[in-house]
Structure formats: C-alpha cells, structure tokens
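[1] The sequence and its predicted three-dimensional model are supplied below.
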Amino acid sequence: MLWLKERGIISVANSVLNADELGETVAHLLVAARNDGYTQGYAECSHHVVNALKVDWDTSRSATHGVDTEAALAAAKTQFNTLQLPVMDLVTVALQSEDFVMQLREIFPDRDDDDDALA
C-alpha cells in the first residue's frame, strides 16, 4: 500500500495525462472550440454592422461560412467526454484483482527497481 500511496497513484495520473489519445482529443476540442468561437464572433460582429450601417453584410467570406462549427464542437465535446484510455482499462482490471497493488505494480513498474536490476 505504501507503493500505491507514494508511486502508484502518481503513475496512473501521469499515464492518463501523458496519453497520446488524450492529447489528440484535447487538441481537437481546442480547435473546434476556437473555430466555433470565431464563427460566433463573426456572426455577432456582422449583426452589429448590419444594425449600425443598415446594409446587408456579405458573410460568405468568413472562413467558417457554411460550416456547422456548433455541431463540430458538440461532436468534439462528446469525443472528449466518452474518451476511453487503454491504460484505464488495465487499471480497472487490476483493481478487480484480490492483490490489486501487485497488479498495478506490474502495469507501472518502478524505474528504481529496473535500475537496481541492471546494476
């Protein structure tokens, strides 16, 4: 249990935070959020121009014209919220074991133990 407290929890957290799948999903979410924010801002600005100048404003030059950025953002949020990481599947199985600490130690071996074995 001491290993779990001192290294195990940190190992699990690092594995989750450093997972390529998480990084890719977060990057996709950020791009989708930025695009939707740009679209919303452009629409609001266009609305103000139309009201202030009493002219029809051509929005076809917007980089997101005709793109459903709101749906893309919703899909990216869903992808993030339903993301499954392989390391968490391993942890879930290990936690169901009677000797879950040993199972977790096999998944996340200590680098110090590996260095000692090589010496």
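    Arrived safely, thanks for sending.
[2] Tell me which helix or strand the residue nearest the centre of the chain sits in.
    The centre of the chain sits closest to Val26, judged by CA atoms, centre = their mean, with a distance of 3.2 Å. Taking DSSP states H and E as the criterion, Val26 maps to helix 20-53.
[3] Return the set of buried residues in that helix.
    22, 25, 29, 32, 35-36, 39, 42 (16 or more other CB atoms under 10 Å). For every residue, glycine as well, the C-beta is placed using N, CA and C.
[4] how many other residues sit next to Trp3?
    16 (other CB atoms under 10 Å).
[5] The chain should start at 39 in everything you say after this.
    In the new count, where the first residue is 39, that last one comes out as Trp41.
[6] Where does it sit: helix, strand or coil?
    Look at Trp41: counting by DSSP: H, G, I helix; E, B strand; the rest coil, its state is helix.
[7] ok, back up a step: what's the distance between the helix or strand following the helix holding Val64 and the middle of its chain?
    Moving toward the C-terminus from helix 58-91, the next helix or strand (DSSP H and E) is helix 107-119. Averaging C-alpha positions (CA atoms, centre = their mean, to the nearest Å) puts helix 107-119 11 Å from its chain's average.
[8] Hey, what's the angle from helix 107-119 to helix 58-91? Just curious.
    Angle of helix 107-119 versus helix 58-91, following axes from the mean of the first three to the mean of the last three CA atoms, to 10 degrees, is 160 degrees.
[9] Can you list the low-confidence ranges for this structure?
    150-157 (pLDDT under 70).
[10] domain parsing for it?
    When the chain is parsed with automatic domain parsing, its domains come out as 39-57+123-149, 59-114.
[11] How many residues are close by Gln141?
    17.
[12] Good, we can wrap up now.
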